[in-house]
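J.: Build me a structure from this.
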Amino acid sequence: MNMLRPFLLPCLAIAAMAPLHAADGVVQVKLGAIVVRTFEQVQADGMRYAPKQDFEPATNETRVYLPYGGNRKLYHEVVGQLSDPAVGSCAEFVCDGGDKASSLTYKLAFDKPIASFRCRIGYTELVQAPTSVAGVEYSLDGKAWKTVKEHPKGTKSVVDLCPDTVAVTGLNTKLLYLRMYARDSANPTAASGPEMYLKSRISGDPGWGDATSTFFNSQNQVWVTGK
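T.: Now for the predicted structure:
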């Protein structure tokens, strides 16, 4: 099984003030705001995360680039390992071991209620047992969870864990939790079990040729529409 792993591997004016930063596990979002962050700024900050947003008036979507890197305080909950980006490597989230359940949870707070969202959790390596699943789910309170996208049991391939074509509608909330996971389908709360290997890129590689665009495009992202 291990032999698979090496191969799996806008517009309105810019807001005068950026929305609140990601701290204590909460990403604060101001709907309709554009928050500029250039790759040069990323480099000057030692590749560390800072807020970035786009807004598309035609669709009323605010696009939020989600946190990356090894600072666990940026996330609501982490069950697994995180790494920082560096030349030659992306920031990654990876399970603690091939037989360990893993999850990475973002918490977003909005200044106004949202009506819908879609998200992209991109390039992810999965090696799942026939009883294991992986995917993305959401919650409005951090307790009750609903599936956004789940891959079939036993998936062994590179996938977009959640493509941005999947939309969740009918919402009226100022709080959103997003969680990527790999776990035993028969015992979702178990810390270990049959193989459920997961490794996901959560930023680009700053050494890639067109890092100005590819670094940001490889971040996990969510598009939200206001009420």
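
J.: For the rest of this, base every contact and every neighbour count on C-alpha atoms.
T.: Fine.

J.: The lengthiest strand in the chain packs against which elements?
T.: With secondary structure taken from DSSP state E, the chain has its longest strand at strand 102-128. When contacts are defined as 3 or more Cα pairs under 8 Å, 6 or more residues apart in numbering; DSSP states H and E, strand 102-128 packs onto helix 5-8, strand 26-29, strand 77-79, strand 156-162, strand 167-168, strand 173-184, strand 196-201, strand 221-226.

J.: could you dump the fourth one to CSV, C-alpha only?
T.: The one in question is strand 156-162. C-alpha atoms of strand 156-162 as CSV (Å, rounded to 0.1, in the frame of the first residue of the first chain):
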residue,chain,number,x,y,z
LYS,A,156,-6.9,5.1,-3.4
SER,A,157,-6.0,8.1,-5.6
VAL,A,158,-5.3,11.8,-5.8
VAL,A,159,-8.5,13.8,-5.7
ASP,A,160,-9.8,17.3,-5.1
LEU,A,161,-11.2,16.5,-1.7
CYS,A,162,-14.0,19.0,-2.4
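
J.: re the thing from before, out of the helices and strands packed on strand 102-128, which is closest to residue 58?
T.: Of all those, strand 221-226 sits nearest to residue 58, with 11.1 Å by Cα to Cα.

J.: Counting by contacts, list what that closest one packs against.
T.: With contacts defined as 3+ Cα pairs under 8 Å, 6+ apart, strand 221-226 has these neighbours: strand 61-65, strand 102-128.

J.: Same list, the ones you listed, but as CSV with distance to residue 85, mean neighbour count and mean pLDDT please.
T.: Output for the helices and strands packed on strand 221-226, formatted as CSV (distance: least, Cα to Cα, whole Å; neighbours: other Cα atoms under 10 Å; pLDDT from 0 to 100):
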stretch, distance to residue 85, mean neighbour count, mean pLDDT
strand 61-65, 15, 24, 98
strand 102-128, 15, 21, 97
